[in-house]
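Enquirer: just coords:
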C-alpha cells in the first residue's frame with residue numbers, strides 16, 4: 001500500500017463578517033496517498049481554495065488541527081509542498097528560463113544543478129524554444145506551462161493546484177489537462193487539484209473529493225475507475241458521463257441546500 005503523502009485532520013477556518021463569526025471550512029479528515037492525483041470540487045464559494053491554502057501553509061487552521069507531510073507535522077509553507085495558482089504569477093522581468101530557475105536560486109542550489117534542472121523541465125514542457133522569451137510574449141497556456149515547470153523544478157513532495165486552468169479558453173484548457181496527465185504518468189507526483197469543472201475533476205482524478213456547501217466538509221469521495229493512461233477520448237465514454245452526472249447531482253443538491 002502506498003504511503004500517506006499528505007494528511008489533514010481537524011482543519012477549520014472562521015472569518016469575521018459584520019461582527020459575527022462565519023465558519024467557511026470544517027474538514028475532519030483528508031488524506032492523499034503517495035503518487036495519487038486527487039481532485040477537489042464543491043459548490044461555488046464553499047471554501048475549496050481556502051482548504052488548499054491551509055494545506056499549503058499559507059492560511060492557519062483555527063483552534064488546532066494538523067497538516068502532515070509523510071507523517072511530519074508542518075506549520076507553514078515549505079519546499080515539500082509546491083503551490084500553483086489560477087493566476088500565472090510569473091515574474092515579468094524574468095525570462096522563461098529565469099522563472100523556472102527562481103525557486104532553485106532562492107534555495108541556493110549550485111548553478112550546474114539549476115541549469116540542468118531548468119533544461120530538463122523546459123524540454124518536458126515543450127518550452128525549450130522559448131527559454132529566452134518573457135511572459136508578455138507568451139500565450140495563456142504557455143504561461144501556465146512555465147508556472148508548472150517552475151513549481152516542479154523545486155521537486156516538491158506534494159503539488160497543490162488551485163484551479164490552474166480556470167482562466168484559459170476551452171481548447172487550451174483541454175490541452176493543459178492532457179499535458180498534466182502525461183506529466184503525472186511520467187513523474188507520479190502526488191497532486192491535489194482544486195477545480196470547479198466536474199468534467200475536469202473526473203478526467204484528471206484517481207479520486208474526486210466532493211465538498212459540501214459552506215462550511216465545507218467532505219461530503220463524499222468518489223473513486224474514478226477509468227483506465228490509465230487517459231486521453232481526451234475518455235471524456236466521451238459512458239462511464240465518464242455517469243461519473244459526471246453522479247457528482248453533478250451531489251454538487252447541485254448542496255448548492256440548493258445552501259440557497260434555502
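Expert: That came through fine. It should be emphasised that the depicted structure is a prediction, and the values quoted were computed from it without experimental measurement.

Enquirer: Domain-wise, how is this protein divided?
Expert: 4-80+157-259, 88-155 (automatic domain parsing).

Enquirer: Pretty sure residue 230 is one of the things residue 181 touches, is it not?
Expert: Yes: with contact defined as CB atoms under 8 Å, residue 181 reaches residue 230; the gap is 5.6 Å. For glycine as for every other residue, the C-beta is placed from the backbone atoms N, C-alpha and C.

Enquirer: I'd like to know how many residues surround residue 209.
Expert: Here the count is done by other CB atoms under 10 Å, and residue 209 has 23 residues near it.

Enquirer: Grab the nearest non-local neighbour of it.
Expert: residue 40 (4.7 Å; CB to CB, 6 or more residues apart in numbering).

Enquirer: Surely the one you found and residue 191 touch.
Expert: No: using CB under 8 Å, residue 40 is not in contact with residue 191, being 10.7 Å away.

Enquirer: Please report the distance of residue 11 from residue 146.
Expert: Distance from residue 11 to residue 146, counting by CB to CB, to the nearest Å: 31 Å.

Enquirer: cool, residue 85 as well?
Expert: For residue 85, the distance to residue 146 (CB to CB) stands at 13 Å.

Enquirer: can you give me the helices for the stretch 1-150 of the chain?
Expert: 48-56, 96-106, 111-124, 140-153 (DSSP state H, counting those that start in this stretch).

Enquirer: okay, those in TSV with mean pLDDT, mean neighbour count and distance to residue 64 next?
Expert: As requested, the helices of the stretch 1-150 of the chain are exported to TSV (pLDDT from 0 to 100; neighbours: other CB atoms under 10 Å; distance: least, CB to CB, whole Å):
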stretch	mean pLDDT	mean neighbour count	distance to residue 64
helix 48-56	94	22	12
helix 96-106	96	20	31
helix 111-124	95	16	38
helix 140-153	92	23	29
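
Enquirer: Of all those helices, which one comes closest to residue 130?
Expert: Counting by CB to CB, residue 130 lies closest to helix 96-106 out of these; the figure is 5.2 Å.

Enquirer: Now find how far off-centre that closest one is within its chain.
Expert: Centroid displacement of helix 96-106 relative to its chain, using CA atoms, centre = their mean, to the nearest Å, is 20 Å.

Enquirer: what's the angle between that helix and helix 140-153?
Expert: Angle of helix 96-106 versus helix 140-153, following axes from the mean of the first three to the mean of the last three CA atoms, to 10 degrees, is 20 degrees.

Enquirer: Which residues does helix 96-106 contact?
Expert: The contact list for helix 96-106, computed with CB atoms under 8 Å, 6 or more residues apart in numbering, reads 79, 90-91, 94, 113-115, 117-118, 121-122, 127, 130-135, 138, 146-147, 149-151, 153-154.

Enquirer: Repeat the analysis, applying 7 Å as the threshold.
Expert: Helix 96-106 has contacts (CB atoms under 7 Å, 6 or more residues apart in numbering) with 90-91, 94, 113-114, 117-118, 121-122, 127, 130-133, 146, 149-150, 153-154.

Enquirer: buried stuff in stretch 161-180?
Expert: For stretch 161-180, burial by neighbour count (16 or more other CB atoms under 10 Å) applies to 161-165, 168, 172-177, 179-180.
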